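Colleague: Can you look at this prediction? I've put the sequence above it.
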Amino acid sequence: MEAPVTPVPTVMTFFPHPQEFFSGQARPLLTPLPEKAAQISRLGIEQLVLLPFDQHLANLSPEDFVESLLINQLRVTSISVGKDFCFGKRRQGSVDDLKTLAARHGVQVHITPLTCLGTERISSSRIRQALATADLATARALLGRPYSLTGRVVQGQQLGRTLGFPTANLLLPAEKFLPQTGVYSVWVQGATQTPHTLLPAVMNLGNRPTVKGVALTAEVHVLNWTGNLYGKTLDVHLHNFLRSEQRFDSLADLKAQIQRDCQQSLGELTRSPY
């Protein structure tokens, strides 16, 4: 007799995103795979399954999608999907079809209702729009958490050190969706030995026009803190948009503005803890 299978809490997703597959164009991601895996792990999900979205998968009928993938390969015991979930070739399968097909194998399907903020449903498009205009309050409300950037600290030009404001230059995933360029007050996680410690900081996201920068960079200055960050992976949680990036006439003017940014950021983060 075959031993019973212990169900494992699992999230199944497609990779690459179907829109990217059909359009042939890269699609910036709100949560690249490492971030997604970390987020769902915090929710108690033990397994992330990536279905390689290719022409074969795109051509599967709704019946084959359920029987071949979900039942025979993943051996699902229950399924939870959103109300607007569609599947199979040309998105022909609806949630009602999924319930009917799964019921043939004794698998129950749970339909999660759409969640709205205001009168509109929460969607990745709304989140992207909010981030593109630096509307962090709306982005946070839609996400249920601050939007974050995760990157490894690499060596930069070290100009901030000469100005008295050493910065950590973050190497961000190429596929990460970035908010509007500019200066932000942020919380930084990962700088200390205690993983969950949050430190107040200022981040500049942009091309640094005053020093003739040519590439988009994310530079973080941790406030009232010293230490070596090279090689560490930092999670930067966006709190508030301070100002747009601008070109200054001199490094002295830039230094004075950075000082004002630091004071404003520290004040905001002290008044409104994470």
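Modeller: Yep, it's here. Numbering: from 1, shown residues only.
Colleague: What's the local residue count around residue 174?
Modeller: 8 (other Cβ atoms under 10 Å). Quick note: C-beta positions are derived from backbone N, CA and C, even for glycine.
Colleague: and it, that's in a strand?
Modeller: No: read with DSSP: H, G, I helix; E, B strand; the rest coil, residue 174 is coil and lies in no strand.
Colleague: got a list of what residue 29 touches?
Modeller: Listed by Cβ atoms under 8 Å, 6 or more residues apart in numbering, the contact partners of residue 29 are 17, 173, 175-177.
Colleague: Next: residue 121.
Modeller: 114-115.
Colleague: Need the pLDDT of it.
Modeller: Each residue has a pLDDT score; the one for residue 121 is 93.
Colleague: what do you get for residue 4?
Modeller: 64.
Colleague: And residue 255, by the same measure?
Modeller: pLDDT at residue 255 comes out at 88.
Colleague: quick one: the helices in the protein?
Modeller: For the chain, the helices defined by DSSP state H occupy 18-23, 33-42, 55-59, 62-64, 95-103, 124-132, 136-143, 159-163, 251-271.
Colleague: can you tell which of these is closest to residue 199?
Modeller: Among these, helix 251-271 comes nearest to residue 199, with 9.4 Å by Cβ to Cβ.
Colleague: Export that closest one to CSV, keeping only CA atoms.
Modeller: Output of helix 251-271 as CSV, limited to C-alpha atoms (Å, rounded to 0.1, in the frame of the first residue of the first chain):
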residue,chain,number,x,y,z
LEU,A,251,30.0,69.9,-4.2
ALA,A,252,29.5,72.3,-1.3
ASP,A,253,25.9,72.9,-2.3
LEU,A,254,25.4,69.2,-2.7
LYS,A,255,26.9,68.5,0.8
ALA,A,256,24.6,71.2,2.4
GLN,A,257,21.5,69.6,0.7
ILE,A,258,22.5,66.1,1.9
GLN,A,259,22.8,67.4,5.4
ARG,A,260,19.2,68.8,5.1
ASP,A,261,18.0,65.5,3.7
CYS,A,262,19.5,63.6,6.6
GLN,A,263,17.9,65.9,9.2
GLN,A,264,14.6,65.7,7.5
SER,A,265,14.8,61.9,7.2
LEU,A,266,15.8,61.4,10.8
GLY,A,267,13.0,63.6,11.9
GLU,A,268,10.4,61.7,9.9
LEU,A,269,11.6,58.3,10.9
THR,A,270,11.7,59.3,14.6
ARG,A,271,8.2,60.6,14.5
